[in-house]
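In: below is the sequence, then the predicted model.
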Amino acid sequence: MNVTPALQAERILAAWESGDEPLLHQELRKSQKLDYALVHGLDEERMELLQAVSEGMLRAVSEDRRNPAVRPCLDLLAHLARRRSSASGN
């Protein structure tokens, strides 16, 4: 199955909203291993953004789930998932 940046961002947001820390870490790490060779153009840029955001979020939540650095990550993930950023209200 081809995972798009929007789908992976949605998976990360769902893991965040569920409060399932192991799942959140799994989805964030999975973002680091997606096959970028399968995408081109704008989706390639979205994949690169997803990788950078997931890397930053992984560092931030490893320190503390309430780390202020998490909020911008959630907003960017919501944008990638084509959600309204209010969905990241945890």
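Out: That came through, no problem. Every value quoted in this text rests on a predicted model; they were computed, and no experiment measured them.
In: the protein: helices as residue ranges?
Out: 5-18, 21-32, 42-63, 70-80 (DSSP state H).
In: same list, those, but as CSV with mean pLDDT and mean neighbour count please.
Out: Glycine gets a C-beta too; all of them are placed from N, C-alpha and C. Below are the helices of the chain laid out as CSV (pLDDT from 0 to 100; neighbours: other CB atoms under 10 Å):
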stretch, mean pLDDT, mean neighbour count
helix 5-18, 95, 20
helix 21-32, 94, 16
helix 42-63, 90, 17
helix 70-80, 94, 20
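In: next up, phi/psi of the closest residue to Leu7 other than its chain neighbours, please.
Out: Spatial nearest neighbour of Leu7, excluding adjacent residues (CB to CB, 6 or more residues apart in numbering): Ala81 at 8.0 Å. Main-chain dihedrals, Ala81, degrees, to the nearest 10: phi -80, psi 0.
In: could you do Arg66 as well?
Out: Torsion angles, degrees, to the nearest 10, at Arg66: phi -90, psi 10.
In: right, and Leu23 touches Glu17 too?
Out: No: the criterion here is CB atoms under 8 Å, and Leu23 misses it with Glu17 at 10.6 Å.
In: the residue nearest to Leu7: what's it in contact with?
Out: If a contact means CB atoms under 8 Å, 6 or more residues apart in numbering, then Ala81 has 6-7, 9-10, 13 as its contacts.
In: of these, closest to Asp35?
Out: Distance ranking of the contacts of Ala81 against Asp35, using CB to CB, places Leu7 first at 13.4 Å.
In: where's the closest one relative to Gln26, distance?
Out: Noted for Leu7: a distance of 15 Å to Gln26, by CB to CB, to the nearest Å.
In: ditto for Leu76
Out: Taken as CB to CB, the span from Leu76 to Gln26 is 19 Å.
In: over to Glu17?
Out: 15 Å.
In: what's the answer for His79, then?
Out: 22 Å.
In: ok, now Gly19?
Out: From Gly19 to Gln26 the distance is 14 Å (CB to CB).
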